[in-house]
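Asks: predicted model follows, preceded by the sequence.
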Amino acid sequence: MALSGKLTKKLVENLGAGRHGDGNGLYLVVDPSGVRRWIVRVVVKGQKNKKGAPLRTDFGLGGVDIVTLNQARERALEYRRMAKQGLNPRFNARQEIPTFEEVAHQVHIDRIPTWKNAKHGQQWINTLCDYAFPKIGRMPIDAVGQPEVMMCLSPIWTDKHETAKRLAQRIKTVLDVARSKGFRSGENPVTTIKEAKALPKVTAKPKHHKAMRWQDVPAFYADLKARNAMAAKALVFTCLTGSRTGEVLGMRWEEVDLEARLWTCPAIRMKTGEDHRVPLTDEMAGIIEPLLAMNSEYVFEGQKRNKPLSNMSMLMLLRRMRVEGVTVHGFRSTFRDWASEVANAPREVAEISLAHTRKKSLERLLAERQSSVTWVPNWMPSMPTANSGNSSKSWAGFDGTLLP
């Protein structure tokens, strides 16, 4: 016969943050983040705490996505029975081995605060849902070995190599966590497979974003500046700063200091995981200052109030302009070519302006400066048309400015 209590399945799914009692020492705890988990409070017969009072202890029973309401009640009853016999459940409770899928979901929940954004967190669990759970999801976590891992990786190792590498890393993480909780022992099978080179070597072909020649940029830039659409303003700013699409579209006014003429893109939004400072030239400031009047949270607001432009907005603009064979990200490559061929900028300076992590080449520069530095990429407004006949030195907008 099923155990009963105050809570129902619907309440478990919808109750707000706080501790909600089911009765007999069982509680549903809802964290402010929305994570839901079970705990049971018991008093161990005959045992005292440090102050001499009866030993009262809370024990975690798992998250609601892994442990159902009925299972939580059954485990709570087991803990109470042990406590009445004077047995501490911490040392006497029967340990059930969870499945690979159960551990993976718990790892995902535990790491929610660490994701750069919700999309990254969803991609992490989706990879396991697509390629691991159908094969090993229901297996006890301690039964997953090299053959089972190979069963997940082999079908996609060559055709979807990047996905397979991410899958291997995520399986390894789940198994490592399981071992740390005492559910597994021995070496991680993912590590063993890698060291044994059991999977064939795959040479990844580099994917280059199609870029415009810097000689063709002035004419394109003139056409772009004549347009009033928000996507055009965002693309102008993207080109001038040499920034990534996501960095510009996610730009908030709180990151901008117009008085100091500085945009600081926070580490959480940077691919490098470090703050990136971009000095705002007159040209850049002239683009965003009028947008203050919109009183939006984002600098480049999309069609919805206080929401940024979509990721496709600038690419679709290029298509409307009939600019073929060029991507938005490719303008970073254009900027890099110009910095090298025209401005004769030091390689380290050009790389750090693009927020590239080139540790060996940057260490010397950073050691000299003892702080982060950013090149003022004032380039396109200073470039003439391809037929201007000026010398390359007079074309350059680079003034060598570095921020301390």
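Replies: Nice, thanks for sending it over. Please read all numbers here as calculations on a predicted model, not as lab measurements.
Asks: show me the shaky parts of the stretch 51-200 of the chain.
Replies: 90-96, 116 (pLDDT under 70).
Asks: same thing but at 80, please
Replies: 52, 55, 66, 87-97, 115-120, 181-182 (pLDDT under 80).
Asks: then the stretch 201-350 of the chain?
Replies: By pLDDT under 80, the low-scoring segments of the stretch 201-350 of the chain are 203-212, 214, 272, 311, 324-325, 337-350.
Asks: need the contact list for residue 132.
Replies: 100, 104, 152, 167, 170, 171 (C-beta atoms under 8 Å, 6 or more residues apart in numbering). In this view, the C-beta of every residue, glycine as well, is placed from N, C-alpha and C.
Asks: nope, residue 214 is what I meant
Replies: 334, 335, 337, 338, 341, 342, 383.
Asks: please identify which helix or strand holds residue 191.
Replies: Assessed by DSSP states H and E, residue 191 sits inside helix 189-196.
Asks: show me what counts as buried in that helix.
Replies: Residues of helix 189-196 classed as buried: 189, 190, 193 (neighbour count, 16 or more other C-beta atoms under 10 Å).
Asks: how is the protein divided into domains?
Replies: Split into domains by automatic domain parsing, the chain comes to 9-92, 100-196, 214-395.
Asks: let's have those in a markdown table, adding distance to residue 3.
Replies: Compiled in a markdown table, the domains of the chain are given as follows (distance: least, C-beta to C-beta, whole Å):
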| stretch | distance to residue 3 |
| --- | --- |
| domain 9-92 | 4 |
| domain 100-196 | 21 |
| domain 214-395 | 44 |
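Asks: buried residues, stretch 21-37. List them.
Replies: Under the neighbour-count criterion of 16+ other C-beta under 10 Å, stretch 21-37 has 22, 24, 25, 26, 27, 28, 29, 30, 35, 36, 37 buried.
Asks: closest one of those to residue 250?
Replies: Closest to residue 250 out of the buried residues of stretch 21-37 is residue 35 (25.4 Å), distances taken as C-beta to C-beta.
Asks: would you say residue 247 is within a helix?
Replies: Yes - per DSSP: H, G, I helix; E, B strand; the rest coil, residue 247 lies within a helix segment.
Asks: doesn't residue 268 make contact with it?
Replies: No - with contact defined as C-beta atoms under 8 Å, residue 247 and residue 268 do not form a contacting pair (11.2 Å).
Asks: which of the two has more neighbours?
Replies: residue 247 (20 against 11; other C-beta atoms under 10 Å).
Asks: show me where the stretch 251-400 of the chain has strands.
Replies: Counting by DSSP state E, counting those that start in this stretch, one finds strands in the stretch 251-400 of the chain at the ranges 256-257, 262-265, 276-279.
Asks: now do the first one: which elements does it pack against?
Replies: Taking 3 or more C-beta pairs under 8 Å, 6 or more residues apart in numbering; DSSP states H and E as contact, the helices and strands that strand 256-257 lies on are strand 262-265.
Asks: give me the buried stretch members for the strand it packs on, please.
Replies: Using 16+ other C-beta under 10 Å as the test for burial, strand 262-265 gives 263, 264, 265.
Asks: do I have it right that the second one meets residue 277?
Replies: Yes - taking contacts as C-beta under 8 Å, residue 264 lies within contact range of residue 277: 5.1 Å.
Asks: picking up where we left off before, let's have the contacts of residue 214 in JSON lines, adding distance to residue 46 and neighbour count.
Replies: Putting those into JSON lines (distance: C-beta to C-beta, whole Å; neighbours: other C-beta atoms under 10 Å) gives the following:
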{"residue": "334", "distance to residue 46": "77", "neighbour count": "23"}
{"residue": "335", "distance to residue 46": "74", "neighbour count": "25"}
{"residue": "337", "distance to residue 46": "78", "neighbour count": "16"}
{"residue": "338", "distance to residue 46": "79", "neighbour count": "26"}
{"residue": "341", "distance to residue 46": "82", "neighbour count": "12"}
{"residue": "342", "distance to residue 46": "83", "neighbour count": "20"}
{"residue": "383", "distance to residue 46": "84", "neighbour count": "19"}
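Asks: wait, which of these is closest to residue 286?
Replies: residue 383 (17.3 Å).
Asks: if I look at residue 52, how far off is residue 84?
Replies: According to C-beta to C-beta, to the nearest Å, residue 52 and residue 84 sit 20 Å apart.
Asks: neighbour count: the two, which is higher?
Replies: residue 84 (13 against 6).
Asks: contacting residues for the closest residue to that one other than its chain neighbours?
Replies: Excluding the flanking residues, the one nearest residue 84 by C-beta to C-beta, 6 or more residues apart in numbering is residue 45, at 5.6 Å. Contacts for residue 45 (C-beta under 8 Å, 6+ apart) come out as 83, 84, 85, 86.
Asks: closest one of the residues you listed to residue 212?
Replies: For these, the minimum distance to residue 212 (C-beta to C-beta) is 71.8 Å, reached by residue 83.
Asks: same for the one helix or strand that closest one maps to, what does it pack against?
Replies: Assigned by DSSP H and E, residue 83 falls within helix 69-84. Using 3+ C-beta pairs under 8 Å, 6+ apart, the elements in contact with helix 69-84 are strand 18-23, strand 26-30, strand 36-48, strand 54-63, helix 89-92.
Asks: quick revisit: can you put the buried residues of strand 262-265 in a markdown table and add distance to residue 287?
Replies: Listed next are those as a markdown table, based on distance: C-beta to C-beta, whole Å:
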| residue | distance to residue 287 |
| --- | --- |
| 263 | 11 |
| 264 | 17 |
| 265 | 16 |
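Asks: quick check, nearest of those to residue 120?
Replies: Nearest to residue 120 among the buried residues of strand 262-265, counting by C-beta to C-beta, is residue 265 at 16.8 Å.
Asks: measure the closest residue to the closest one other than its chain neighbours to residue 234 for me?
Replies: Computed as C-beta to C-beta, 6+ apart, the closest residue to residue 265 that is not its neighbour in sequence is residue 276, at 4.6 Å. For residue 276, the distance to residue 234 (C-beta to C-beta) stands at 17 Å.
Asks: compare the two and say which is more crowded by neighbours.
Replies: Taking neighbours as other C-beta under 10 Å, residue 276 and residue 234 compare with residue 234 leading, 27 against 23.
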